[in-house]
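Undergrad: Quick one: sequence plus predicted model below, questions after.
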Amino acid sequence: MIMKKGEKKKVEFNNRAIHNWKSDFSPGPKSKSGKDKERVYTPFNLTKTTQFRGLNLCEYKKGEKHIVILFRIKGQRTHLRVFTLGKFDNNLNVITGETKFGIKQIQERLHTIAKEHQDEYGHWIKDPNLTVAFTQVNQSITIRDLIKEYCKAGFEKMRSAEKMTGNSIRDKARYLIGYNIRVKHLEYDNEENGDGVVIFKPCKTLRLKSGGTKSINRPAPKDWDELFKWYPPGRSILKDHNFNLHGITSMFDDKIGKINIEDLRTKLILDYVNQYNAYSTKKDVVECFRTLWHFAVHQGYMENDAMINPTYLVPIKKGRPVVNKYRLKIFSDKDWVLLYEVLNDLSSRFPWQSDAIALQGITGLRREECFKLQKKDIKYWKEPKYLINKAGKTQTIYGEIHIRPAVSKVGQEEWIPIIEPIKAILDNIAKIPEQHFTYHSKMFNLSHRNFALAYGKRLKWLFCSTQVQADKLLDPEYRNSRKTRLCSDKHCWDEIKVEMKKRLGLGVNDEYLCTSKMLRKTYTHKCKAAFDGRSDIAKRFTRHKTEEVLEGLYDGVTREEVQQNSTELGVVLDFVKRRA
């Protein structure tokens, strides 16, 4: 074929020519960056008939070849548009024996698209990109039905095959199907691999709006279908002051649940989200919509490229920043020692709670990680190791605390060496079943009652609950459930604050920062100080993913330490003299 000067190269319209075609990705004369092109459009050597006008081969730098149409809409000639007919595939179909996507398939699809989007003169009057966006939905499903399927699937995570933890499922269920009597039938627990699980339970009584209770005696539903059958959308909504103060309706009960998932738009999401007040709550609700969208795509209800995910376009404004008085606040050395004295004194009133707090402070364990530890996770060696530190002193390591992937926040296996201070706390925990629990009753005629804690020997948890029902301990399902382990240390912290103020000579109304948020920050600060400020070593013990998180959010400081550091700064700045 004779090429005229300035004429662009063309490719023959057959499978072999398309397969062998190699485009030139070198930068053109008008290129400003001088970099190679990412893709090149090459027209086919065809007569300019109405149907094949604008047909091009688009080859990418990585080697992929797509058949596209370059066209302009009638009345919008300044805007050149691109529509992809498909990816060229010269392989043979094992069933039909034909090329998977070659010139035959191109002609068939192009004829169908041109018939619908061109007028009788071959002018484009409709954009096929918009048509495809709204016709790629495989199976239309409402948000309500999608929520049902999502619950039956076990509350999967968006980007992995794992299930959410029990606490995360509780939070999701509140927005998806909550504020309704149906959640009174649900309990949440974790399996050995860390996946959360929902357990159905009976609901005997219900709190009324007036403050009283009503007996309903509903048994545990057999499955999700029966639960949603008992409590259809829009009915049995809780209006109690404690559970639904602002009259919120869940996504399942709200009118937004009637629309199909592919019809979800930013305005609809925003109208629903505005019934919540807090920024963090609105963000969580949008995350629920996002989870449902991803679930619909993975389950085949909708193509991934059917349209833009509207959940990423919801504008949620942050309120005015509130000063966080606990940010980077840590215990001073004096208060740190006093805290452990108070914990020892409260051990009889708050068994396992006080020791869990002590272990968190001296190992950097997160609260939920600490509560999920089992006795088998404490691994002592047959012979302890004796190592020498930088000061030349011998330190003993007795074993390691095994943090299973199901327990760890980052989902990875981690280990904490058992040094002498940690062993002392673990020894105290091992002796708890030999003690009695001193219960301080709020009733004037029952000031103290003692309960034996020997049942703790039969439980697998390192930290057990004091609310265990002894008559159910023969049931292995109950014995191994979260009902028998420690789930909260709030009551112990309330008493710690009171006792710390009393021993420091502070009044009841005096502000004193003392909370579990400060434990891990204090431990991080002490780790960094022990290793001469090296965050790369400290994060091995604090178990942070990156040094940036450790230094930016966890390395706190006390005012006394800043004042002491200022004395060293004064030596550097002593060149400033007072005028005569």
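TA: That came through fine.
Undergrad: Please count neighbours and contacts with C-alpha atoms only from this point.
TA: Noted.
Undergrad: mind checking the SS state of residue 56?
TA: For residue 56, the secondary-structure state derived from DSSP: H, G, I helix; E, B strand; the rest coil is strand.
Undergrad: which residues touch it?
TA: 41-44, 67-70 (Cα atoms under 8 Å, 6 or more residues apart in numbering).
Undergrad: Can you classify the nearest residue to it once chain neighbours are set aside by secondary structure?
TA: Excluding its sequence neighbours, the residue lying closest to residue 56 (Cα to Cα, 6 or more residues apart in numbering) is residue 43, at 4.3 Å. Per three-state DSSP, the secondary structure class of residue 43 is strand.
Undergrad: all helices for the stretch 101-250 of the chain, in order.
TA: In the stretch 101-250 of the chain, the helices defined using DSSP state H, counting those that start in this stretch lie at 103-117, 128-133, 143-152, 166-176, 224-230.
Undergrad: any weak-confidence spans in the stretch 351-500 of the chain?
TA: 439-450 (pLDDT under 70).
Undergrad: And for the stretch 201-350 of the chain?
TA: For the stretch 201-350 of the chain, applying pLDDT under 70 flags the ranges 207-212, 241, 303-307.
Undergrad: what do you get if the cut-off is 50, keeping everything else the same?
TA: Judged by pLDDT under 50, the stretch 201-350 of the chain has its weakly predicted residues at 306.
Undergrad: Ok, the stretch 1-150 of the chain next?
TA: Under the criterion pLDDT under 50, the flagged ranges of the stretch 1-150 of the chain are 1-3, 94-95, 134-138.
Undergrad: Contact partners for the closest residue to residue 11 other than its chain neighbours?
TA: Counting by Cα to Cα, 6+ apart, the nearest residue to residue 11 once its immediate chain neighbours are dropped is residue 44, at 4.8 Å. Residue 44 makes contacts with 10-13, 55-57, as judged by Cα under 8 Å, 6+ apart.
Undergrad: Out of the residues you listed, which end up buried?
TA: By the neighbour-count criterion of 16 or more other Cα atoms under 10 Å, these include these buried positions: 10-11, 13, 55-57.
Undergrad: ok, residue 407 touching residue 371?
TA: No: Residue 407 is not in contact with residue 371 according to Cα atoms under 8 Å; the separation is 9.1 Å.
Undergrad: hmm, back to that, wait, the residue nearest to residue 56 sits on residue 11?
TA: Yes: assessed by Cα under 8 Å, residue 43 is found in contact with residue 11 at 6.5 Å.
Undergrad: what comes up buried for the helix or strand hosting residue 295?
TA: Residue 295 belongs to helix 279-298 when elements are defined using DSSP states H and E. Of all the residues in helix 279-298, those buried under the rule 16+ other Cα under 10 Å are 282-283, 285-297.
Undergrad: now that helix against helix 166-176, angle please.
TA: With axes from the mean of the first three to the mean of the last three Cα atoms, to 10 degrees as the criterion, the two stretches helix 279-298 and helix 166-176 enclose an angle of 90 degrees.
Undergrad: Show me what helix 279-298 packs onto, helices and strands only.
TA: The helices and strands touching helix 279-298, judged by 3 or more Cα pairs under 8 Å, 6 or more residues apart in numbering; DSSP states H and E, are helix 143-152, helix 166-176, helix 266-273.
Undergrad: Quick one: residues contacting residue 520.
TA: The contact partners of residue 520, by Cα under 8 Å, 6+ apart, come to 360-361, 364-366, 554.
Undergrad: So what are the sheet partners of the helix or strand hosting residue 379 and their directions?
TA: With secondary structure defined by DSSP H and E, residue 379 is part of strand 378-388. Based on DSSP bridges, the pairing partners of strand 378-388 within the sheet are strand 394-403 (antiparallel).
Undergrad: could you point out which element follows the strand it pairs with?
TA: Next element after strand 394-403 (DSSP H and E): strand 414-418.
Undergrad: May I have that next one exported as CSV, CA atoms only?
TA: Extracted as CSV, the C-alpha positions of strand 414-418 are listed here (Å, rounded to 0.1, in the frame of the first residue of the first chain):
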residue,chain,number,x,y,z
GLU,A,414,3.2,-11.7,67.7
TRP,A,415,5.2,-12.5,70.8
ILE,A,416,6.0,-10.7,74.1
PRO,A,417,9.0,-11.9,76.2
ILE,A,418,8.1,-12.7,79.8
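Undergrad: the inter-axis angle of the helix or strand just after it versus strand 414-418?
TA: Next in sequence after strand 414-418, counting helices and strands by DSSP H and E, comes helix 420-430. Comparing the axes of helix 420-430 and strand 414-418 via the same axes, to 10 degrees yields an angle of 90 degrees.
Undergrad: Run through who's touching helix 420-430.
TA: 352, 355, 358-359, 362-363, 395-398, 462-463.
Undergrad: among the residues you listed, which ones are buried?
TA: Judged by neighbour count, with buriedness set by 16+ other Cα under 10 Å, the buried members of the contacts of helix 420-430 are 352, 355, 358-359, 362-363, 397-398, 462-463.
Undergrad: Give me the buried positions along the host helix or strand of residue 83.
TA: Of the helices and strands defined by DSSP H and E, residue 83 is found in strand 76-87. By neighbour count on 16+ other Cα under 10 Å, the buried set for strand 76-87 is 82, 84-85, 87.
Undergrad: mind checking how far whatever residue is furthest in space from the centre of the chain is from residue 571?
TA: What lies farthest from the middle of the chain is residue 580; by Cα atoms, centre = their mean that is 63.8 Å. Using Cα to Cα, to the nearest Å, residue 580 is found at 22 Å from residue 571.
Undergrad: just residue 470 next, same as before
TA: Spatial separation of residue 470 from residue 571 under the definition Cα to Cα is 66 Å.
Undergrad: now swap in residue 110 and tell me
TA: Note on residue 110: its distance to residue 571, by Cα to Cα, is 81 Å.
Undergrad: The two: which is more packed in?
TA: Set side by side, residue 110 and residue 571 give different neighbour counts by other Cα atoms under 10 Å, the larger being at residue 110 (17 against 9).
Undergrad: For the more buried one, give me its contacts.
TA: Contact analysis of residue 110 by Cα under 8 Å, 6+ apart lists 51, 85.
Undergrad: what's the pLDDT at residue 502?
TA: In this prediction, residue 502 carries a pLDDT score of 93.
Undergrad: which residues touch residue 431?
TA: The neighbourhood of residue 431, defined by Cα under 8 Å, 6+ apart, contains no residues.
Undergrad: backbone phi and psi for it, please?
TA: In this entry, residue 431 is assigned phi and psi values of phi -90, psi -10 (degrees, to the nearest 10).
Undergrad: Could you count how many residues lie near the closest residue to residue 455 other than its chain neighbours?
TA: Nearest in space to residue 455, with sequence neighbours left out and distances taken as Cα to Cα, 6+ apart, is residue 433 at 6.9 Å. Other residues within reach of residue 433 by the criterion other Cα under 10 Å amount to 18.
Undergrad: Would you agree residue 433 falls within a strand?
TA: No: under three-state DSSP, residue 433 sits outside any strand and is assigned helix.
Undergrad: So it is in contact with residue 453, correct?
TA: Yes: with contact defined as Cα under 8 Å, residue 433 counts as touching residue 453 (4.7 Å).
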